[in-house]
Structure formats: structure tokens, C-alpha cells
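>>> Sequence and predicted structure are below.
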Amino acid sequence: MIGFVLVAVLISSTAEVEAREFEDFSADRTASAAVDQGYTTVSQAVKQFEEKYGRKIKAPTDLPTNYTRQRGRVFDNEAKLELEYTHQAETLLVLVLAREERLRPSEYHETVELQDGTKAYYRVSHPGFHQLHFRKRDLVYKVWASSKSKHVTSSRQLIKVANSAIR
């Protein structure tokens, strides 16, 4: 009985510490908090990607809400830039791939057109994500948002994000 109580107290204490650590991490918007995961600022990640792959790109400027945490990282082994925009429980991801990847639209995708005439493919996956995929200047772009998002409810919001990244 004493052993059980001691284990319960230890588990409870560990859960409280982990919860506080998560809150501290979530509240800390500096690049240094995410160094272990390779995150840096959006502008630094874009610059790293441009230097590594010799392609000029632009981070999106027309975002669906005022995201309180904005960060990015480059995956060298995948030739991929990941930009992550988070506010409370909502996350918007912008992925840019500097490698050949075939876009595979299916009957579940809606073909939409970006401002410059670029064809893009939109769908809501289950469970899931609003997804917009397109190719521009030999790069593949993927813009994703949670399907439970209050700020992304259709293709219109993701098209705005995409248009602001390719102007």
C-alpha cells in the first residue's frame, strides 16, 4: 500500500513537471527554446534554404490569423523547408520541397487557381487537415492547416497564404 501511494505521488509529480515544462516551452517564443529540434526564426530558415538550394523563396505574409509563434527549420536530408505558425491550438504549416515530388491529385482534390494562374490542388483529409499543394519554379509547396481551425475553413484562406508566398 505504501509503495502504491509512493508511485502515485511520483507519477503525479512527474505529470505536473511535464505540464509546467510544456507551458514554459509554449510560452517561450524565442528561437533558443527550439534549438534541440532545429527550429530558428522564419526569416533565418528561409535564408538557410535559399543558400543551401540556390532558390529564391518568400515566406507567406497573408496569414489567416496573428500567429503568436512563428518558426522554421530546414531538413537537409529531405531538401525541405518547414515553416510553422502557431496560435493557441491552431497550427498552419508551409512546406517547400526542393526535390522532385509528383503532385498526385485524386478525385478528393479540388483544382483551384492561384493569382498568377498556377494550378493548385485542395482537399480536406480525414481526420484532418486542409491541404493545398502546388508546384512553382521547380519547387513543391504544401500548405496545411487543421480541419478544426477557426481561421481556415475553406480553400480561400490557404489560397491567400499561397498567393502571398509566390508574389
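Cool, got the structure. Residues are numbered from 1 along each chain as shown.

>>> tell me the average confidence for stretch 80-91?
The average pLDDT within stretch 80-91 is 93.

>>> Just give the number of residues close to residue 87.
Here the number of neighbours of residue 87 (other CB atoms under 10 Å) works out to 18. Any C-beta I mention is one placed from the backbone N, CA and C, and that applies to glycine too.

>>> Excluding chain neighbours, give the residue nearest to it in space.
Excluding its sequence neighbours, the residue lying closest to residue 87 (CB to CB, 6 or more residues apart in numbering) is residue 67, at 4.5 Å.

>>> And the protein, what are its domain boundaries?
Here the domain assignment for the chain is 1-36, 38-166, based on automatic domain parsing.

>>> Check those domains for me and report the most buried one.
With neighbours taken as mean count of other CB atoms under 10 Å, the domains of the chain reach their highest mean count in domain 38-166, at a mean of 17.

>>> just for this protein, where's the confidence low?
Along the chain, the parts satisfying pLDDT under 70 run over 1-36.

>>> Quick one: the strands in the chain, in order.
Counting by DSSP state E, the chain has strands at residues 69-75, 80-87, 90-97, 110-113, 119-124, 129-136, 139-146.

>>> What are the contacting residues of the shortest one?
The contact list for strand 110-113, computed with CB atoms under 8 Å, 6 or more residues apart in numbering, reads 105, 119-123, 132, 155, 159.

>>> Report the distance from that strand to the chain centre.
With CA atoms, centre = their mean, to the nearest Å as the basis, strand 110-113 stands 21 Å off its chain's centre.

>>> Can you list the strands that it pairs with?
The pairing partners recorded for strand 110-113 under DSSP bridges are strand 119-124 (antiparallel).

>>> Grab the CA positions of the partner strand and hand them over as PDB.
The C-alpha atoms that make up strand 119-124 are tabulated as PDB, following Å, rounded to 0.1, in the frame of the first residue of the first chain:
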ATOM      1  CA  LYS A 119      -2.900  25.200 -60.700                       C
ATOM      2  CA  ALA A 120      -3.200  24.000 -57.100                       C
ATOM      3  CA  TYR A 121      -4.900  21.100 -55.500                       C
ATOM      4  CA  TYR A 122      -7.000  21.400 -52.400                       C
ATOM      5  CA  ARG A 123      -8.600  18.900 -50.200                       C
ATOM      6  CA  VAL A 124      -9.700  18.200 -46.600                       C
END
